[in-house]
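[1] next comes the sequence, and after it the predicted model I'd like to discuss.
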Number of protein chains: 2
Amino acid sequence: MSSSSPLAVPFPNMPDIAGAMPRVARAGYKEWGRCDLSYIAFDAGTTVAGVTTRNICCSAEVELCRAHLPHGRARALVVNAGNSNAFTGQRGKHAVDVITAQVAEHLNCDVTDIFVSSTGVIGVPLPVDKAQAGLRAAFDAAPCGWVDVANGIGTTDTFAKGATATAVVDGRKVQIVGIIKGSGMIAPDMATMLGYIFTNADVEAPFLQQLLSTANQESFSCITVDSDTSTSDTVLAFATGKAGNARLTSFVDAGAYAFAAALNDVCRQLAHLVVRDGEGAQKFIEIDVSGAASDESARRIGLAIANSPLVKTAIAGEDANWGRVVMAVGKAGEPANRDTLSIRFGSTIVARNGLAVADYDEAPVARHLQQQEIEIGVDLGLGAGRATVWTCDLTHGYISINADYRS
Amino acid sequence: MSSSSPLAVPFPNMPDIAGAMPRVARAGYKEWGRCDLSYIAFDAGTTVAGVTTRNICCSAEVELCRAHLPHGRARALVVNAGNSNAFTGQRGKHAVDVITAQVAEHLNCDVTDIFVSSTGVIGVPLPVDKAQAGLRAAFDAAPCGWVDVANGIGTTDTFAKGATATAVVDGRKVQIVGIIKGSGMIAPDMATMLGYIFTNADVEAPFLQQLLSTANQESFSCITVDSDTSTSDTVLAFATGKAGNARLTSFVDAGAYAFAAALNDVCRQLAHLVVRDGEGAQKFIEIDVSGAASDESARRIGLAIANSPLVKTAIAGEDANWGRVVMAVGKAGEPANRDTLSIRFGSTIVARNGLAVADYDEAPVARHLQQQEIEIGVDLGLGAGRATVWTCDLTHGYISINADYRS
């Protein structure tokens, strides 16, 4: 990995999850001296839920996950880094089939219990021989920690990203851990990037799916780095059931709300970590939208602001150029009224009811913009809809990284 | 103006338009030693048409143009550069009212015959005293050439942009000239930036509007620099009628098609010039989309590619990273099928039917990407819909310009 993002945070202490056994190996998908194949085996009885990209040109891996998720059972997850295997046609599908067959034979389970993700360059079929040799090495490897998996699934990521939370369910403390990769091509529209969540809680698959889909709406679906939606985006949640709680099947069950809150917490943390590792990011930007016609309208307006190159470069330049925020609100295509619009930077309102606040104090605004954590508030003055989205600034670093990635 | 874009082209020889008299003056809207108020007076009988931004947070000037256009008559155009007067509430509207009243009194005409545009920073009311003094100076100034107006309306533009065409209508050669400003905040979605077209042809206002709206669909609505839609976008077309042709009222009239073709030509040229002056632009990119479900679908897919930061940085890096084109097609939200998709750079097909072309010759692709004029072709393989859109690459120059504009 290249030098860490200035917004990087240390990898947290993450507990083992009983019933989930991570291992990493070197498949050598790229010319790098690091593990790039991650293999997590699950005990029988593990349930699974997932959300995947809406990008129409999705990878064979995404199609596999979509096909296997309805079964609701998981015995293994394989993640390849360095090659996304997207846009590789039948050869790409073949590579995924070989992987699932090899793992199913090793574990003596159904191929529908195997989940595969790949991330990296688009358009080059995943080399089957390297995948097979990598898997054999992984089967024989000693179990590793979550930080090793978090490093193993990264590509342009500059730091390992993990999050953890606990909840008390049915009198038992359950653990949730999550890891995620993603730095560019991040604009998960109703979907996500590569993220994996593991818990020892016992959760029925359809309920786990319901909880993950809901958490996704206020976490991964509310971040953007560069407005570009990946062909490989996937978030999977695995529940091994080893905590021994009475199985969660709906919100009627004791502890369901606590578990949902902990899952939301992990998803939110992971989403923030992706923004913190946004390509070239120097600042972490939170955009709070209120007073919109609906929550969804607020989210879209927030993303229009978060995706605006002019807003993002203004923040990079520590310039309180709120006119660009007005522009972005106006281009969102959502209900808005110029004359009821208010905007704040940090806690200072700079425009109210469609007008610059006369002689507002620029000093606290300037101080706020010099920080690493920037907050922009927009109130539409129309309704009760609200949303919070997160993004990073647009800097020379983004250009440097992306004008010369494949070569 | 700062150093010219490497894609700049010389200002063309543009003829005078009988019945249209341009003048420029210094209003001093910014601390710069240049003319920043442009005033073009039209003889009585001049017709007018226009298209304006769909940005909801539009300026008082845009609202004025929308209110005056239905009358179809024009006696004067005033353009202020350095201050957009957008998001300035009643004070902004007052400034526009003062300008129209002053000009209407000077010309002894209705205020609805006066059109005003302003461009520059958002959120600062246009200073009325400077506008009034600037107008008085303009009334007294000697008539100037179109290049002076093209320079006078610019802000971050790095070169003066003009285009011209002729058509034979009713046995008479008619002239069309156009000028335009725009460099950033360019993503005219069904609308435009600041552009002005002048012709000595005699064209009835509703027909001129029909022709301009149509031309807009294949010119200004097909370009993007940075996906950001301005609050002030306006294109106006003025027809003085001095050529003496029988008035054009519909396509039944002799010469109507020739005039429409010439108008389309001027609009297309002007749109290209804006892309050529795109902030930080080093390369001019044409994206041809074919085989789409409809023309509008093709246009949206083209703009998804043209707005993708990852595609634009790949072109800046002269990298044939067609995987990013696939990604952009897939995120457009339009009908697409990964397995019928083909992509070319220049004349070399690099992917066909959802697969990389095995061993395609990279040499001509590399040579093509080293040029200043880049062509990307995308065939969806679905239908007969097609569109061409234009954009520029995303470079360090864009970041440098926009991280420190207002300050």
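    Thanks, I have the structure now.

[2] show me what from the stretch 51-200 of chain A comes close to chain B.
    For the stretch 51-200 of chain A, the contact set with chain B under C-beta under 8 Å from any C-beta of the partner chain comprises A:54-58, A:84, A:86-89, A:91, A:121-124, A:184-185, A:187, A:189. C-beta coordinates here come from the backbone N, C-alpha and C atoms, glycine included.

[3] could I get stretch A:125-144 in CSV with only the CA atoms?
    Extracted as CSV, the C-alpha positions of stretch A:125-144 are listed here (Å, rounded to 0.1, in the frame of the first residue of the first chain):
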residue,chain,number,x,y,z
PRO,A,125,-10.1,-12.8,-16.9
LEU,A,126,-9.1,-14.0,-13.5
PRO,A,127,-6.2,-16.5,-14.0
VAL,A,128,-7.6,-19.8,-13.0
ASP,A,129,-4.3,-21.5,-12.3
LYS,A,130,-3.3,-18.7,-9.9
ALA,A,131,-6.7,-18.9,-8.1
GLN,A,132,-6.4,-22.7,-7.7
ALA,A,133,-2.9,-22.6,-6.3
GLY,A,134,-3.8,-19.7,-4.1
LEU,A,135,-6.7,-21.6,-2.7
ARG,A,136,-4.6,-24.6,-2.0
ALA,A,137,-2.1,-22.4,-0.1
ALA,A,138,-5.0,-20.8,1.8
PHE,A,139,-6.4,-24.2,2.8
ASP,A,140,-3.1,-25.1,4.4
ALA,A,141,-2.4,-21.7,5.9
ALA,A,142,-2.6,-21.0,9.6
PRO,A,143,-5.7,-18.9,10.6
CYS,A,144,-5.0,-15.2,10.6
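
[4] quick one: average confidence on it?
    The average pLDDT for stretch A:125-144 rounds to 97.

[5] ok, and what's touching it?
    Contact partners of stretch A:125-144, identified using C-beta atoms under 8 Å, 6 or more residues apart in numbering or on different chains, comprise A:21-29, A:36-39, A:78, A:80, A:83, A:85, A:88-89, A:91-92, A:94-96, A:98-99, A:102-103, A:106, A:118.

[6] residue of the stretch 51-200 of chain A closest to chain B, please.
    With C-beta to the nearest C-beta as the measure, the residue in the stretch 51-200 of chain A that lies nearest chain B is A:Ile122; the distance is 2.7 Å.

[7] which non-adjacent residue is nearest that residue?
    B:Gly323 (2.7 Å; C-beta to C-beta, 6 or more residues apart in numbering or on different chains).

[8] so that neighbour touches A:Asn83, yeah?
    No: with contact defined as C-beta atoms under 8 Å, B:Gly323 does not count as touching A:Asn83 (10.8 Å).

[9] give me the common contacts of these two.
    When contacts are counted by C-beta under 8 Å, 6+ apart, B:Gly323 and A:Asn83 are jointly contacted by A:Val121.

[10] please narrow the contacts of stretch A:125-144 to those residing in strands.
    When strands are assigned by DSSP state E, the members of the contacts of stretch A:125-144 inside them are A:21-25, A:37-39, A:78, A:80, A:83, A:118.

[11] for those residues, which two are the farthest from each other?
    A:Met21 and A:Asn83 (24.6 Å; C-beta to C-beta).

[12] so between the two, which is more surrounded?
    Per other C-beta atoms under 10 Å in any protein chain shown, whichever of A:Met21 and A:Asn83 has more neighbours is A:Asn83, with 26 against 16.
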